[in-house]
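> Show me how the following folds:
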Amino acid sequence: MFVQPYVCENVLIEGVTIINSPMCEIHPVLCRNVTVRNVTVSSHGPNNDGCDPESSSDVLIDGAPSTPATTALRSSPAATPTGGGSPDPRRTSSFRTAR
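Model (predicted):
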């Protein structure tokens, strides 16, 4: 993971460009109130998800990350800090793809 906030609140990732990251560029895990906006991703690896929020709530992705990656947006199943599954805590998630 290139940018991975872990158990954070009030996360803003805005106006950045990520180039040649080896895998999942933006991967918030167990976070609350996350906004990803105006992000450009330029990576060509085999597992380059542009933005992959995992077990996070109140997520807003405003505009799909501009990327030739495998997947621009992906929402992962729940996980616990120890790696095991748990009930999915994700609730209000919004994905606006128009810029």
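
> Just the strands from the chain, written as ranges.
For the chain, strands defined by DSSP state E occupy the ranges 9-14, 17-19, 32-37, 40-42, 49-51, 57-62, 71-73, 93-96.

> from the ones you listed, which stretch is densest packed?
strand 49-51 (a mean of 25; mean count of other Cβ atoms under 10 Å). The way it works is simple: take the backbone N, C-alpha and C, and place the C-beta from them, glycine included.

> Which strands and helices lie in contact with that one?
The contact analysis (3 or more Cβ pairs under 8 Å, 6 or more residues apart in numbering; DSSP states H and E) places strand 49-51 against strand 71-73.

> could you redo the last one with a cut-off of 10 Å?
Here strand 49-51 touches strand 32-37, strand 40-42, strand 57-62, strand 71-73, going by 3 or more Cβ pairs under 10 Å, 6 or more residues apart in numbering; DSSP states H and E.

> mind giving me JSON lines with those and columns for distance to Asp49 and mean pLDDT?
Shown next, in JSON lines, are those (distance: least, Cβ to Cβ, whole Å; pLDDT from 0 to 100):
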{"stretch": "strand 32-37", "distance to Asp49": "12", "mean pLDDT": "92"}
{"stretch": "strand 40-42", "distance to Asp49": "9", "mean pLDDT": "83"}
{"stretch": "strand 57-62", "distance to Asp49": "12", "mean pLDDT": "87"}
{"stretch": "strand 71-73", "distance to Asp49": "5", "mean pLDDT": "51"}
